[in-house]
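Trainee: sharing a sequence plus its predicted fold:
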Amino acid sequence: PDQVSYELSVDHQSTATRLENILLLPTAMTLAISTGSAALPENYQFNLQCLNVSSGYQQKTFPIDLTIVPLHGGIFVDLDSYRMHKNDTVSVFGRIHPPKSDQSIKLEAWCGDDKYSSITVSTQSGGWFENSQWINKFAPGMYTIKAIWAGTGTIDFTHETQNLIIEKIVPQLSLSSEDNQLPMIHENFTIKIELEPVYPYEAISLSVFNPDNTQQHFTDCYFDQHGQFQLSKTFFNKKGKYTFKAYFMGNDFSIGCESNDYPVMVGNTGYAILVGGGVASPHTTYWKVTQKLLTDAYLDFKRMGFTDDMIYLMINSEIDITNDSFHDNIVDQAFPSVSRLTNIH
């Protein structure tokens with residue numbers, strides 16, 4: 001029923017409604033049933049089912065009867081999820097009995113023995129109440145949600161949920177550079193860092209891995225009010241591949257994270273030549289595989305820091321690199337030829 005929640009546990013470790021990987025037999029487990037005082041009077045039955053038992057064991061289902069007796073009134077409250085990340089949306093909902101509308105319900109969030117937050121909501125038709133905008137403002141932690149209804153007399157009806165766990169956000173840290181920026185030795189190069197979600201004025205650090213395996217470190221870095229940071233320096237003192245990497249140490253709402261490697265090739269350190277050809281219909285499997293192989297190879301070289309000036313991609317068709325259903329203008333020659341290959345400088 002809507003007003004009844006339950007879970008299995010072993011050694012007080014909650015496992016929801018299914019317990020798996022039992023290593024020690026025999027074992028004792030607990031079935032915790034929470035009815036709430038608004039549960040409708042009725043007879044209910046739970047079935048405890050044993051899975052993967054031996055073939056000679058016939059009794060696989062154990063019925064558990066539950067009888068709810070009527071009261072003068074009551075309340076039930078529950079959550080649609082008991083584990084979430086900060087800023088996720090979780091609804092708290094419930095019902096009162098008798099099922100009256102326009103009744104004031106006080107919802108309280110408790111963190112241990114301390115009351116963290118409270119709001120008041122009203123019941124709708126059928127005695128139901130619900131709120132999905134309250135819990136997403138909570139800080140990471142473990143909470144119990146309690147609902148209180150004064151009822152029709154002097155006795156307050158209360159009910160509380162199981163523990164709600166709010167985990168820290170897993171943020172995303174990304175690097176980029178200015179458009180049309182050519183990396184050159186002994187000249188400024190601008191690297192940009194962005195964090196999602198935005199945390200203004202938080203500290204980050206930046207490392208640059210040089211071609212000779214030495215490193216540059218920059219620690220006096222802080223996001224602006226938009227969660228962005230950029231640094232212009234003469235990072236490069238020789239030709240080769242430089243790799244940028246940023247680090248965020250985390251805060252009260254997010255765990256720490258690091259960006260993906262951001263490679264930059266300085267100077268003309270070589271060329272990549274990608275050739276795809278053949279005569280086939282663009283709808284055949286052969287041709288689709290050829291296009292996919294060239295696309296993957298092109299993207300791999302881009303991730304290694306090669307610019308389009310250092311990549312010669314020749315194929316006798318148009319090609320869609322970005323998977324947006326539009327052809328990209330990166331093909332150097334529609335029909336690969338020996339003369340074109342021998343004249344690459």
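Mentor: Nice, I can see it. Residues are numbered from 1 along each chain as shown.

Trainee: before we move on, what SS does the spatially closest residue to Gly227 that is not a sequence neighbour have?
Mentor: Distance criterion CB to CB, 6 or more residues apart in numbering; nearest residue to Gly227, sequence neighbours excluded, is Val198 at 3.1 Å. All C-beta atoms are positioned from the backbone trio N, CA, C, and that covers glycine. With DSSP: H, G, I helix; E, B strand; the rest coil as the basis, Val198 sits in coil.

Trainee: and Val198, what's its pLDDT?
Mentor: We have a pLDDT of 92 for Val198.

Trainee: where do the helices sit along this protein?
Mentor: 285-303, 338-342 (DSSP state H).

Trainee: for Gly276, which residues are in contact?
Mentor: When contacts are counted by CB atoms under 8 Å, 6 or more residues apart in numbering, Gly276 touches 290-291, 293-294, 314-316, 336.

Trainee: now it, which residues is it bridged with?
Mentor: With DSSP bridges as the criterion, Gly276 is bridged to Ile315.

Trainee: ok, it to Met265 distance?
Mentor: The gap separating Gly276 from Met265 is 23 Å, by CB to CB, to the nearest Å.

Trainee: the domain parsing of this protein - what is it?
Mentor: Using automatic domain parsing, the domain ranges for the chain come out as 1-167, 172-266, 272-342.

Trainee: quick one: which of those domains has the weakest pLDDT on average?
Mentor: Note on those: lowest mean pLDDT is at domain 272-342, with a mean of 73.

Trainee: count the residues that sit near Ile166.
Mentor: The local packing of Ile166 (other CB atoms under 10 Å) involves 21 other residues.

Trainee: same check, this time on Tyr116
Mentor: 14.

Trainee: on that earlier part again, looking at the helices of the chain, which one is packed in the most?
Mentor: Highest mean neighbour count among the helices of the chain (mean count of other CB atoms under 10 Å): helix 285-303, with a mean of 15.

Trainee: helices and strands around that helix, which ones?
Mentor: In terms of contacts (3 or more CB pairs under 8 Å, 6 or more residues apart in numbering; DSSP states H and E), helix 285-303 is packed against strand 272-276, strand 311-315.

Trainee: can you check which of these gets nearest to Pro171?
Mentor: Proximity to Pro171 (CB to CB) singles out strand 311-315 among the helices and strands packed on helix 285-303, at 32.3 Å.

Trainee: leaving aside the residues next to it on the chain, what's closest to Thr243?
Mentor: Spatial nearest neighbour of Thr243, excluding adjacent residues (CB to CB, 6+ apart): Phe209 at 4.3 Å.

Trainee: now do the strands in the stretch 51-200 of the chain.
Mentor: 61-68, 74-79, 83-85, 92-97, 104-111, 114-122, 128-131, 141-149, 157-160, 164-167, 172-177, 189-196 (DSSP state E, counting those that start in this stretch).

Trainee: could you give me the buried positions within the fourth one?
Mentor: Within strand 92-97, the residues scored as buried using 16 or more other CB atoms under 10 Å are 92-97.

Trainee: how about the shortest one?
Mentor: Of the residues in strand 83-85, 84-85 count as buried by neighbour count, 16+ other CB under 10 Å.

Trainee: give me the sheet partners of that strand and which way each runs.
Mentor: strand 164-167 (parallel).

Trainee: neighbouring contacts of the partner strand?
Mentor: If you take CB under 8 Å, 6+ apart as the criterion, strand 164-167 is touched by 79, 82-86, 90, 135, 138-145.

Trainee: middle-most residue in the protein, spatially?
Mentor: Most central in the chain under CA atoms, centre = their mean is Val170, positioned 6.3 Å from the mean C-alpha point.

Trainee: contact partners for it?
Mentor: 85, 254-255, 257.

Trainee: the contacts of strand 164-167: which two are farthest apart?
Mentor: Pairwise distances across those peak at 18.8 Å for His85 and Thr144 (criterion: CB to CB).

Trainee: in contact with Phe218, which residues are there?
Mentor: 205-208, 231, 233.

Trainee: give me the buried subset of those residues.
Mentor: Using 16+ other CB under 10 Å, the buried ones in the contacts of Phe218 are 205-206, 208, 231.

Trainee: wait, which of the strands of the stretch 51-200 of the chain is closest to Gln225?
Mentor: Nearest to Gln225, of all the strands of the stretch 51-200 of the chain, is strand 189-196, at 12.5 Å by CB to CB.

Trainee: what strands line up against the closest one, and which way round?
Mentor: Under the rule (DSSP bridges), strand 189-196 has strand 172-177 (antiparallel), strand 228-233 (antiparallel) as partners.

Trainee: for Met84, name its beta-bridge partners.
Mentor: Ile166.

Trainee: so it sits against Ser91, correct?
Mentor: No - taking contacts as CB atoms under 8 Å, Met84 lies outside contact range of Ser91: 10.8 Å.

Trainee: so Ile145 is in contact with Ile105, correct?
Mentor: No - using CB under 8 Å, Ile145 makes no contact with Ile105, being 11.5 Å away.

Trainee: hang on, the earlier thing: and which of the buried residues of strand 92-97 is nearest Thr61?
Mentor: Nearest member of the buried residues of strand 92-97 to Thr61, counting by CB to CB, is Arg95, at 29.7 Å.

Trainee: who does that closest one form a beta bridge with?
Mentor: Phe76, Trp128.

Trainee: now it: how far from Ile165?
Mentor: Distance from Arg95 to Ile165, by CB to CB: 24 Å.
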